[in-house]
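In: Have a look at this fold, sequence not included:
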């Protein structure tokens, strides 16, 4: 149970008992926590606020302040989702060391790494008005290949995520994370407007052999 930890109590049986964290501003990151020192502020729990939302502790909880166009308790909802489109990318992060826990999306290592990758991508998209969110789906070996979905709402701007992100990748860095500058690939996409292949804004090398519209092959 979150917000509780197991500790010894002074009784004849010497059994363990669940006790609440001593501060109203603290909780535990996972069930089964065994020591009061593992009671931490609510906002230190990984991925408490999503999509770059800012977390603030309060008594018995927390509150998330969301970026533009996002809403929900954890900033998990897109305000104009009916207009949103998705592009799935593969990208090799050369500065991340492979760990077998990255295969498990429920592991702490996966969540920490996904948060770092998401933050790096968001930092590159901060001036892109079409960008809404990024979600890391999986990791694979080689160094570490991240598969992630970028959600955006197209407008008349020439800058969309499938143009903004490759510009950063070509320089070998996304946010503060090193990447292989020739490794970006568009895997799938759902779009009503051209992605940019037609006018040369997107290079052929960015499109993988298996790229497809979602639902088409």
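Out: Alright, I've got the coordinates. Given the structure is predicted, the values throughout are model-derived calculations rather than measurements.
In: Show me what counts as buried in stretch 66-79.
Out: In terms of neighbour count (16 or more other C-beta atoms under 10 Å), stretch 66-79 has its buried residues at 66, 67, 69, 70, 74, 75, 76, 78. The C-beta positions use only the backbone N, C-alpha and C, and glycine is treated the same way.
In: and which of these is nearest to residue 122?
Out: Checking the buried residues of stretch 66-79 against residue 122 by C-beta to C-beta gives residue 67 as the nearest, at 8.3 Å.
In: which one is that closest one nearest to, not counting chain neighbours?
Out: Counting by C-beta to C-beta, 6 or more residues apart in numbering, residue 67 lies nearest to residue 52, which is 5.4 Å off, once chain neighbours are set aside.
In: Helices of the protein, start to end?
Out: According to DSSP state H, the chain carries its helices in the segments 108-125, 161-169.
In: Please name every helix or strand in contact with the last one.
Out: In this structure, helix 161-169 makes packing contacts with strand 85-93, helix 108-125, strand 144-152, judged by 3 or more C-beta pairs under 8 Å, 6 or more residues apart in numbering; DSSP states H and E.
In: helices or strands up against the second one?
Out: With contacts defined as 3+ C-beta pairs under 8 Å, 6+ apart, the secondary structure elements packing on helix 108-125 are strand 131-141, strand 144-152, helix 161-169, strand 173-174, strand 177-178.
In: now the first one
Out: Taking 3+ C-beta pairs under 8 Å, 6+ apart as contact, the helices and strands that strand 85-93 lies on are strand 144-152, helix 161-169, strand 185-190.
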